[in-house]
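A.B. asks: here's a sequence, model it:
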Amino acid sequence: MRRLSVLVALLLVVPAGATAAASVQSDGAPCVGTMDEPARGTTVISVQGARGGEKTQARLVGVGPRGKVKWVHDGPDGLVWGYDVDPMENGNLFVVGTVREGGHGKTVFYEFNPRTQEQVWTETVNITDTHDADLLPDGRIAIANMRNYDHANGTNDDRLVIYNRTTDTYEEEWLFRDHYERDTGGDYVEDWTHVNDVDRVNGSHYLLSPRNLDQVILVDIETGEIELKLGSDNEWATMKRQHNPQYLESEEGRPTLLVADSDNNRIVEYEKRGDGWAETWSLGSGATMEWPRDADRLADGNTLVVDSRHNRVMEVTPDGTVVWEVYSPWLVYDAERVRVGDDDVREGPTIADMGAEGDYSLSNAPLFSTADQEACASTISSVGPDEVRDVSTGNGTAATPTPPTPTQQPGFGLAAVLTALAAAALLVRR
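C.D. replies: Numbers count the residues shown, from 1 in each chain. Sure thing, here's the model as predicted:
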């Protein structure tokens, strides 16, 4: 049985010194926003966790079709940052995070069974703060290895690398320094590429997201070639400091990239046409999103979006209509819709194939006011532990207030724990 305090911390962050405002959510469902359509299956949310000025343990949340909290998982001991979570063929989840062991910490991978709430296996490697890895069909792990400066040789070894858990060896690698000059991207010693995502597309081809280079690339780890490239360093009209791109293909086989264009506060989609890229879709223009960090096209053509600094996850139609929305702690990183039967709900059609090209605003800005945050905590606190999994059901749409400004947010590394001010400053680096 989960402790009540864990769920309160998981579902809500109340900024220190916040003042009350008129509630916009229904009394029965203060943690649920728009709920016009039930989700097709469970949505798994990776939250990085903070309460006031204190950094809390990162966690996973499983919510049902109408936002009902089905389970909460704290992760391995010492998990301080939670990142990517991927559904596996067997119904389990492959999870990536950071455990605190000096400096930025080490990387932990584990397989989690949501039905038994058990970790099937856990592997910790001496790699700094990996944001994403891909569990390959043969059991090896493709790692987006960032912050990998070699002080002895004076080289930056940021890379894609394949790790064999059985032999504890690194068997293949693709190095950024073989293709990029050191004066591009971020600080060459501290955080050069900030490669925050890796996805195996097919065979030896992997999609990488070097955030500090403002681009997404498709590489062949066998030949060493960059086969596709979208964006370029400091060319921010295309994208700026992106996260978690998804590779799609049109019905005619044209490569398509769906990207959380984080610092441009939008979701954007590009299709390869001839020698160039065409922007086919933009979502969230204006002030309706802040620092989105994940977007997944679903089988029905909707898109699952993580609006990170508005601490919400939502399902959006191609024309920008929000049909499903739940709230969780500050700095949501990733969200995945779990496979339903034989239907892989994580991958769907391109915008061009749906005939929905264009620039769209969201149908609503964040609904969660300070009072709603307090109501969410109060609702959970008012029931016993046996009832807590049922308090976040129902509908909760209403007028849109000005979203609250958190006085303190978690940042990166040890400084985040020491002071909220330092955390807020360092948050941009994520």
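A.B. asks: contacting residues for Ser285?
C.D. replies: Listed by CB atoms under 8 Å, 6 or more residues apart in numbering, the contact partners of Ser285 are 266, 359-361. C-betas here are computed from N, CA, C, even on glycine.
A.B. asks: mind putting those residues into TSV with secondary structure?
C.D. replies: TSV is the format used below for these (DSSP: H, G, I helix; E, B strand; the rest coil):
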residue	secondary structure
Arg266	strand
Asp359	strand
Tyr360	strand
Ser361	coil
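A.B. asks: name the member of the residues you listed with the most neighbours.
C.D. replies: For the contacts of Ser285, the largest number of neighbours (other CB atoms under 10 Å) sits with Arg266, at 25 neighbours.
A.B. asks: can you count the residues close to the nearest residue to that one once chain neighbours are set aside?
C.D. replies: Among residues not flanking Arg266 along the chain, Gly284 sits closest, at 4.3 Å (CB to CB, 6 or more residues apart in numbering). Gly284: 25 surrounding residues under other CB under 10 Å.
A.B. asks: kindly report the same for Pro137.
C.D. replies: With other CB under 10 Å as criterion, Pro137 counts 7.
A.B. asks: go on, Glu118?
C.D. replies: By other CB under 10 Å, neighbour count at Glu118 equals 11.
A.B. asks: identify the residues contacting it.
C.D. replies: Phe112.
A.B. asks: next: Arg159.
C.D. replies: 145, 148, 173-176.
A.B. asks: mean confidence for the helix or strand hosting Ala335?
C.D. replies: For Ala335, the host element (DSSP states H and E) is strand 332-337. In this model, strand 332-337 has an average pLDDT of 94.
A.B. asks: list the buried residues in whichever helix or strand comes after that strand.
C.D. replies: Sequence-wise, the next helix or strand downstream of strand 332-337 (DSSP H and E) is helix 351-354. Residues 351-353 are the ones in helix 351-354 that count as buried (16 or more other CB atoms under 10 Å).
A.B. asks: helices or strands up against helix 351-354?
C.D. replies: With contacts defined as 3 or more CB pairs under 8 Å, 6 or more residues apart in numbering; DSSP states H and E, helix 351-354 has these neighbours: strand 266-273, strand 276-283.
A.B. asks: which SSE is immediately downstream of the last one?
C.D. replies: Right, the one you point to is strand 276-283. Assigned by DSSP H and E, the successor of strand 276-283 is strand 292-297.
A.B. asks: and the helices in this structure?
C.D. replies: 4-11, 351-354, 370-381, 414-418, 420-426 (DSSP state H).
A.B. asks: worst mean pLDDT among those?
C.D. replies: Checking each of the helices of the chain, the one with the poorest mean pLDDT is helix 414-418, at a mean of 30.
A.B. asks: so which of the buried residues of helix 351-354 comes closest to Trp81?
C.D. replies: Closest approach between these and Trp81, by CB to CB: Ile351, at 31.9 Å.
A.B. asks: distance of that closest one from Leu228?
C.D. replies: 18 Å (CB to CB, to the nearest Å).
A.B. asks: likewise Asp261?
C.D. replies: From Asp261 across to Leu228, the span is 17 Å (CB to CB).
A.B. asks: looking at these two, which one has more neighbours?
C.D. replies: Asp261 (26 against 16).
A.B. asks: buried residues in stretch 250-258, which are they?
C.D. replies: 250, 254-258.
A.B. asks: which residues touch that stretch?
C.D. replies: Here stretch 250-258 has contacts from 207, 216, 218, 228, 230, 245-249, 267-273, 277, 280, 295-297, 303, 349-353, using CB under 8 Å, 6+ apart.
A.B. asks: for ChimeraX, write the select line for the buried members of those residues.
C.D. replies: ChimeraX command restricting these to the buried ones, with burial defined by 16+ other CB under 10 Å:
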select :207,216,218,228,230,245,246,247,248,249,267,268,269,270,271,272,277,280,295,296,297,303,349,350,351,352,353
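A.B. asks: alpha carbons of stretch 301-317, as CSV, please.
C.D. replies: Below are the C-alpha coordinates for stretch 301-317, written out as CSV (Å, rounded to 0.1, in the frame of the first residue of the first chain):
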residue,chain,number,x,y,z
GLY,A,301,-3.6,10.7,-35.3
ASN,A,302,-3.7,12.6,-32.0
THR,A,303,-0.4,13.6,-30.3
LEU,A,304,0.6,13.0,-26.7
VAL,A,305,2.4,16.1,-25.5
VAL,A,306,4.5,16.8,-22.4
ASP,A,307,4.1,20.5,-21.5
SER,A,308,7.0,20.4,-19.0
ARG,A,309,7.0,23.7,-17.1
HIS,A,310,3.2,23.8,-17.0
ASN,A,311,3.4,20.4,-15.3
ARG,A,312,0.8,18.8,-17.6
VAL,A,313,0.5,15.9,-20.1
MET,A,314,-2.2,16.2,-22.8
GLU,A,315,-3.6,14.5,-25.8
VAL,A,316,-4.2,16.9,-28.7
THR,A,317,-5.9,16.6,-32.1
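A.B. asks: quick one: average pLDDT of it?
C.D. replies: Mean predicted lDDT for stretch 301-317 stands at 93.
A.B. asks: how about that stretch: buried residues?
C.D. replies: For stretch 301-317, by 16+ other CB under 10 Å, it's 302-317.
A.B. asks: cool, stretch 190-206 as well?
C.D. replies: 191-201, 205-206.
A.B. asks: beta partners of the residue lying closest to Trp121 once chain neighbours are set aside?
C.D. replies: Using CB to CB, 6+ apart and skipping the chain neighbours, the partner closest in space to Trp121 is Glu111 (5.4 Å). Per DSSP bridges, the residues bridged to Glu111 are Phe94, Trp121.
A.B. asks: contacting residues for Glu111?
C.D. replies: 88, 92-95, 119-121, 135.
A.B. asks: now with 10 Å?
C.D. replies: Going by CB atoms under 10 Å, 6 or more residues apart in numbering, Glu111 touches 88, 90, 92-95, 118-123, 135.
A.B. asks: ok, Val161 next?
C.D. replies: 127, 133, 141-145, 148, 170-175, 198, 221.
A.B. asks: in this structure Glu181 contacts Asn156, no?
C.D. replies: No: under the criterion of CB atoms under 10 Å, Glu181 makes no contact with Asn156, lying 11.1 Å away.
A.B. asks: of these two, who's got more company?
C.D. replies: Between Glu181 and Asn156, Asn156 has the larger neighbour count (other CB under 10 Å), namely 24 against 9.
A.B. asks: what's the local residue count around the closest residue to Glu172 other than its chain neighbours?
C.D. replies: Distance criterion CB to CB, 6+ apart; nearest residue to Glu172, sequence neighbours excluded, is Ile162 at 4.3 Å. For Ile162, the count of nearby residues is 21 (other CB under 10 Å).
A.B. asks: now do the strand holding Ala335 against strand 292-297, angle only.
C.D. replies: Using axes from the mean of the first three to the mean of the last three CA atoms, to 10 degrees, the direction of strand 332-337 lies 10 degrees away from that of strand 292-297.
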